[in-house]
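In: Got a predicted structure here, sequence first:
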Amino acid sequence: METTPTELSRKYGLAASTISTIVKNQEATKKASESMRDIKKAKRLREPEYKELEKYLDMWFRDTKKLKKSINRPIIHFFLTPIN
């Protein structure tokens, strides 16, 4: 049974139209990734230095997105400023 864009959008917190666009362009994306296999200096994913902080930051970001609240530079700076 194939997963629908609506189900995927709920699972990953993305718009159904975004999922549909990804599915629609999957062949072009595959071709582009195959052509990049010969690149010698490919970037790699690294483990975050502060795993727990990354986890909570991701939770905050997703919760804020679900509430349809905007996240902008002043808000991020507010939460990054230490309380004295």
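Out: Great, that's in hand.

In: Any stretches of the protein with poor pLDDT?
Out: For the chain, applying pLDDT under 70 flags the ranges 1, 35-46, 83-84.

In: Using the record's assignment, carve it into domains.
Out: Following automatic domain parsing, the chain resolves into domains at 1-34, 47-84.

In: can you give me the end-to-end distance of stretch 60-75?
Out: Chord length of stretch 60-75, first to last residue, is 12 Å (C-alpha to C-alpha, to the nearest Å).

In: measure Gln26 to Pro82 for me?
Out: Gln26 is 44 Å from Pro82, where distance means C-beta to C-beta, to the nearest Å. Backbone N, C-alpha and C define where each C-beta goes, glycine included.

In: no no, Lys30
Out: To Pro82, Lys30 is 46 Å away according to C-beta to C-beta.

In: Tell me how many other residues crowd Phe61.
Out: A count of neighbours around Phe61, defined by other C-beta atoms under 10 Å, yields 13.

In: give the contact list for the nearest residue to it once chain neighbours are set aside.
Out: Closest residue in space to Phe61, ignoring its immediate chain neighbours: Ile71 at 6.8 Å, by C-beta to C-beta, 6 or more residues apart in numbering. By C-beta atoms under 8 Å, 6 or more residues apart in numbering, the contact set of Ile71 is Phe61, Thr64, Lys65.

In: hmm, back to that, out of the domains of the chain, indicate the one that is most buried.
Out: domain 1-34 (a mean of 11; mean count of other C-beta atoms under 10 Å).

In: Now find how far off-centre that domain is within its chain.
Out: Domain 1-34 sits 13 Å away from the centroid of its parent chain (C-alpha atoms, centre = their mean, to the nearest Å).

In: got it, and stretch 21-39?
Out: 18 Å.

In: Ok, stretch 53-67 next?
Out: Put simply, stretch 53-67 sits 11 Å off its chain's centre (C-alpha atoms, centre = their mean).

In: For it, give me every contacting residue.
Out: Surrounding stretch 53-67, the residues in contact under the criterion C-beta under 8 Å, 6+ apart are Gly13, Pro48, Ile71, Phe79.
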